[in-house]
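# got a predicted structure plus its sequence, pasted below:
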Amino acid sequence: MSDVRSQQGRVRRGPAGVDAGEALARLRETAPLVQCITNAVVVNFTANALLAAGAAPVMADVPGEAAECARFASALLVNLGTPGAEQRAAMVEAVAAAAEAGTPWVLDPVGVGALTLRTGFARELLAHRPAVIRGNASEVLALAGAGLGGRGVDSADDVEQARAVAVALARDTGAVVAVSGAVDLVTDGRQVVRVPGGSALLTRVTGGGCALGATVASFVAASAADATPALTGAVAAHALHAAASERAEAAASGPGGFAVAFLDALAAVQPQDLAERALPLEAVAEAEPVR
Amino acid sequence: MSDVRSQQGRVRRGPAGVDAGEALARLRETAPLVQCITNAVVVNFTANALLAAGAAPVMADVPGEAAECARFASALLVNLGTPGAEQRAAMVEAVAAAAEAGTPWVLDPVGVGALTLRTGFARELLAHRPAVIRGNASEVLALAGAGLGGRGVDSADDVEQARAVAVALARDTGAVVAVSGAVDLVTDGRQVVRVPGGSALLTRVTGGGCALGATVASFVAASAADATPALTGAVAAHALHAAASERAEAAASGPGGFAVAFLDALAAVQPQDLAERALPLEAVAEAEPVR
Amino acid sequence: MSDVRSQQGRVRRGPAGVDAGEALARLRETAPLVQCITNAVVVNFTANALLAAGAAPVMADVPGEAAECARFASALLVNLGTPGAEQRAAMVEAVAAAAEAGTPWVLDPVGVGALTLRTGFARELLAHRPAVIRGNASEVLALAGAGLGGRGVDSADDVEQARAVAVALARDTGAVVAVSGAVDLVTDGRQVVRVPGGSALLTRVTGGGCALGATVASFVAASAADATPALTGAVAAHALHAAASERAEAAASGPGGFAVAFLDALAAVQPQDLAERALPLEAVAEAEPVR
């Protein structure tokens, strides 16, 4: 997608960047079917976000159905927000089927680090090679913890602090890693893209991050013809959410209205709106110490 | 309710029709208690739609409670959207209790045809004689598939194509069958009613069809004194959703606002608004080849 | 907090009262983390209500995680709306851990009295000493039923009729008991506070009462330094919901818009708005016959 890696410096900005507008146009043309195995808190908002953006949701999360669905879905989201035993079983069968069928899947490690059971479970799922891992800084650090030698998680972790860990996690797992924050950071271990923008009101409504995981899955599917579908898709999804939340903030007078306006905005944002956003690729030197 | 069946022609339009306005007036007077065993994606929207329309929801879906509730509820909805093992057990005990207690129940076969487990499960539930089966064309065709000789399901199935299968399914099961589409079709196997109207925005919000299943249940309960409660109730419920979605589309600027305005409109639509909608009964000849 | 109990009369109004404004200021400063084990119908609305009010939700409801979470959470809500087997197990481990760790917890006995399984289960949970029990009159009467000699539940029960039972239940359990109605009633068995206001539209939207249980938990946590955290917190939470629903009613044209405006209003209400509401403490004579 670009060849801007510097042989000397650690990082330099290249002229190349992700074209989120083109990715959105492909999403609207293809309306990918996105299977979501997600938590009860956000399942309605997530389905509505996918529909608003232009994708088609299918929330099949029952053992005996989850694998069958993962074989014909365009992409799969696994979100650990409320991981009951039956849902964990559905996740295991779905990611195994997805890996076998070539369905790209996204892992959202909600609450990993804070709660022990799901931390171990999330690490087990990594064996099935997610296309993208998307979380906040604490979650990404905690998920990486074991492989990186058990470094602790600080609740004050921010995205920049998480950069080196995200790059290392991407290299270890082969997944694109996306870290949400005031400026989002997305990396495949060789390149990093920063996605600025968004709205502070996203922190006053539940489900913004969780819906983003589903949007990432939809864009990865829609970017299948791209040289780097997971990186392009993850960046474009973050750009769409940033643009939509900015519009929603302008329209809303509180968190209730913001959630409604955000869904309206996901539908209203056009490819040309995203094409205007600069999303340059920043190379990570191969020798860069990442831990 | 009407005697418009032709002895010669296959179908003719009669002067008689369903009075959806009267049905809504009865719903508002009686506020029937509707038990919903439904999927996690739409359970909130469904409860709010029932409250907005004038009914009272009770979402008891736990084994050990579901049968008890089905005995005192005015009607029961069983929706297969996320059929976990515990919920399937609750569905089985609830429909058995409903059948025994004379509580009318509605089956919404979400995803039947696309997913194997729920397709078999839905067919098992038919033995407990639902009052109404409500789905889209693909779901109704798939549900009928076995009994009708395994005809395949085409994703391009539309309501008119599904007409003959819906009539046959109604005759086989004794249920009223309602097929959602650009024009909805409702039949008890002897008569067909088409319900036009609605809004394309319903396809951009999750839960419109699922909530309709609950509204159907509430109207069947409210129409208990009618000669054909299931047919009248199902038609009136579809007419209310069509009217409410038209109002909501006029008020909304996107899918988020549409969902909010739709709930407002379910509460705002008055019996006289529905009385204006022509819903003629169209007879199906007994000898009509239905397959 | 006050010493207005009369030695002679059954009850007199004292000059002292709950300062809900101060309680809200503390909530906004401390942003307590509130674990919710609640029903699928309202889980999204509850999380959004907590975020809007100024608290932080964590909806961990899975066995193996629920106890761990209850140890570090600021407060815990247990709501019996859809008590599946796995959720019941999570509730048992969470309330035991909360009691051990000193985390205050709130019991919302949704549907107790109407459904047998949850009625027995709710009474078992009382052994773990909730800080607050919050429900409508029928639920509170039913919950008290066994301990108070099995008095029946009348669907016409209103808050005043429930007063004596609420006082007795508070004395028996050591919990503050809050009864929702046209005027809410909160008691710790020695004092009673009435919270007027609110909106009839709350009865047309699902989740208002359930979200109130979570808000109560957040205020009890925020009032930890108070002499009577559970009483002060419960009263202040009811006052916030009353004020927010009045604002929302003024802004809304139906139940859909009301729910959105209610979340906006939970965020918009300021401590000074609540400080204006008179919430006098009314003493209950020790010798008052409470049954």
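It's in. Numbers count the residues shown, from 1 in each chain, chains lettered A, B, ... in the order given.

# for the residue lying closest to residue A:229 once chain neighbours are set aside, what are phi and psi?
With sequence-adjacent residues excluded and distances taken as Cβ to Cβ, 6 or more residues apart in numbering or on different chains, residue A:229 is closest to residue A:223, at 4.2 Å. Any C-beta I mention is one placed from the backbone N, CA and C, and that applies to glycine too. Dihedral angles of residue A:223 (phi, psi; degrees, to the nearest 10) stand at phi -100, psi 20.

# do the same with residue A:283
The phi/psi pair for residue A:283 (degrees, to the nearest 10) is phi -80, psi 150.

# pLDDT on stretch A:161-168, on average?
Per-residue pLDDT values over stretch A:161-168 give a mean of 90.

# for that stretch, list every residue counted as buried.
Buried residues in stretch A:161-168, defined by neighbour count with 16 or more other Cβ atoms under 10 Å in any protein chain shown: A:162-168.

# can you check stretch A:21-35 too?
Residues of stretch A:21-35 classed as buried by neighbour count (16+ other Cβ under 10 Å): A:21-27, A:30-35.

# can you check stretch A:259-276 too?
Those would be A:259-269, A:271, A:273-274, for stretch A:259-276 by 16+ other Cβ under 10 Å.

# from the chain's centre, how far out does it sit?
Computed by Cα atoms, centre = their mean, to the nearest Å, the separation of stretch A:259-276 from the middle of its chain amounts to 18 Å.

# which outside residues touch it?
For stretch A:259-276, contacts defined as Cβ atoms under 8 Å, 6 or more residues apart in numbering or on different chains pick out A:19-25, A:28, A:45, A:48-49, A:52-54, A:205, A:207-208, A:215, A:236, A:239-241, A:243-245, A:247-248, A:251-252, B:204, B:253-257, B:259-260, C:48, C:260, C:263.

# ok, and the closest non-adjacent residue to whichever residue of the stretch 101-250 of chain A sits closest to chain C?
For the stretch 101-250 of chain A and chain C, the shortest gap (Cβ to the nearest Cβ) falls at residue A:206, measuring 4.0 Å. Nearest non-adjacent residue to residue A:206, counting by Cβ to Cβ, 6+ apart: residue C:47, 4.0 Å away.

# am I right that the one you found is in a helix?
Yes - counting by DSSP: H, G, I helix; E, B strand; the rest coil, residue C:47 is part of a helix.

# that one contacts residue C:56, correct?
No - Residue C:47 is beyond contact range of residue C:56, at 9.5 Å (criterion: Cβ atoms under 8 Å).

# so which of the two has more stuff around it?
residue C:47 (25 against 16; other Cβ atoms under 10 Å in any protein chain shown).

# distance of residue A:182 from chain B?
24 Å (Cβ to the nearest Cβ, to the nearest Å).

# so where's chain A uncertain?
A:1-15, A:146-160, A:287-291 (pLDDT under 70).

# residues from it in reach of chain C?
Neighbours of chain C within chain A, by Cβ under 8 Å from any Cβ of the partner chain: A:39-42, A:44-45, A:81-86, A:111, A:114-118, A:203-207, A:253-257, A:259-260.

# now, those residues that are in helices?
A:44-45, A:85-86, A:116-118, A:255-257, A:259-260 (DSSP state H).

# specify which member of those residues is nearest to chain B.
Using Cβ to the nearest Cβ, residue A:260 comes nearest to chain B of these, at 4.0 Å.

# give me the number of residues near the residue lying closest to the closest one once chain neighbours are set aside?
Leaving aside its chain neighbours, residue A:260 sits nearest to residue B:256 (4.0 Å; criterion: Cβ to Cβ, 6+ apart). Residue B:256 has 29 neighbours, counted by other Cβ under 10 Å.

# from residue A:30, how far off is residue B:256?
23 Å (Cβ to Cβ, to the nearest Å).

# repeat for residue A:243
On the measure of Cβ to Cβ, residue A:243 and residue A:30 end up 20 Å apart.
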